[in-house]
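A.B. asks: The sequence and its predicted three-dimensional model are supplied below.
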Amino acid sequence: MTDDPLPPLDVATVDPEPMAQFARWYDAAVVATGDRAAAMMVATATPDGRPSARVVLLRGFDARGLVFYTNYDSRKGGELAANSYAAAVLYWSELDAQVRVEGPVERVDAGESDVYFAQRPYGHRIGAWASHQSAPVADRGALEAQVAAAEARFPDDVPRPPQWGGYRIVPETVEFWRNRADRVHDRVEYCRREAAWRIRRLSP
């Protein structure tokens, strides 16, 4: 592949730490796709194993994992409260590349959520108060009335709602995938084994 923005995916050359490897790929995805690089599918499940999935925005990552923000009272929040494991997928068609992450989920520290919330545009912060995420609403007019009420309540400073904040997916398994000719794709998997990562190639 000419001018490939990603180096070859091989067990011998990937970073020994999966989130460091992820950072390399994510930087390339931002160059290739702009802010669309942050689109991340997150799947949760009920205690009896019924899954649900939705696209959220990746809002931060480091060695501890991937962070996204939402309403704790939403469907995914309820499922995570009952079954604190999730899977995430980021796919960048411009790179023919995909990353899968699986592991337990923890709430982000309140102070970290406060800092992120304060950086959001005013309308986004109002929306966090106005929307009872995943709950039924009569119609668009009712939703807009809730927005107007929130704007009247918070004309200037908008504090973070107590039911809104961040989650971190703590990686236990991370898989990197690249499209290759004839569907003989490259797949490299990191799997946590206590304090160390086992790295291996998977069949396509």
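C.D. replies: It's in.
A.B. asks: Start from the N-terminal end of this protein and give the helices.
C.D. replies: Using DSSP state H, the helices found in the chain span residues 18-33, 75-82, 110-119, 122-130, 140-153.
A.B. asks: Show the average pLDDT along the shortest one.
C.D. replies: Okay, so that is helix 75-82. Summarised as a single mean, pLDDT over helix 75-82 is 97.
A.B. asks: Which elements pack onto that helix?
C.D. replies: If contacts are counted by 3 or more Cβ pairs under 8 Å, 6 or more residues apart in numbering; DSSP states H and E, helix 75-82 sits against strand 39-45, strand 51-57, strand 65-71. Just so you know, the C-beta spots here come from the backbone N, C-alpha and C atoms, and that holds for glycine as well.
A.B. asks: for the ones you listed, which one ends up most surrounded?
C.D. replies: strand 65-71 (a mean of 22; mean count of other Cβ atoms under 10 Å).
A.B. asks: Could you name the helices and strands sitting against that strand?
C.D. replies: For strand 65-71, the contact count by 3+ Cβ pairs under 8 Å, 6+ apart identifies strand 39-45, strand 51-57, strand 60-62, helix 75-82, strand 97-107, helix 110-119, strand 164-169 as packing neighbours.
A.B. asks: Now tabulate those in TSV and tack on distance to Arg192.
C.D. replies: Formatted as TSV, these follow (distance: least, Cβ to Cβ, whole Å):
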stretch	distance to Arg192
strand 39-45	19
strand 51-57	22
strand 60-62	16
helix 75-82	20
strand 97-107	8
helix 110-119	23
strand 164-169	13
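A.B. asks: contacting residues for the closest residue to Gly60 other than its chain neighbours?
C.D. replies: Leaving aside its sequence neighbours, Gly60 sits nearest to Val67 (Cβ to Cβ, 6 or more residues apart in numbering; 4.1 Å). Residues in contact with Val67 (Cβ atoms under 8 Å, 6 or more residues apart in numbering) are 58-61, 108, 166-169.
A.B. asks: so where's the chain uncertain?
C.D. replies: Applying pLDDT under 70 to the chain flags residues 1-2.
A.B. asks: Would you point out which residue is most central in it?
C.D. replies: Centrality entry for the chain: nearest residue to the mean C-alpha point is Leu58, 4.1 Å, by Cα atoms, centre = their mean.
A.B. asks: What sits closest to Tyr91 if chain neighbours are left out?
C.D. replies: Closest residue in space to Tyr91, ignoring its immediate chain neighbours: Gln98 at 4.6 Å, by Cβ to Cβ, 6+ apart.
A.B. asks: Contacts only, for that neighbour.
C.D. replies: 89-92, 176-177.
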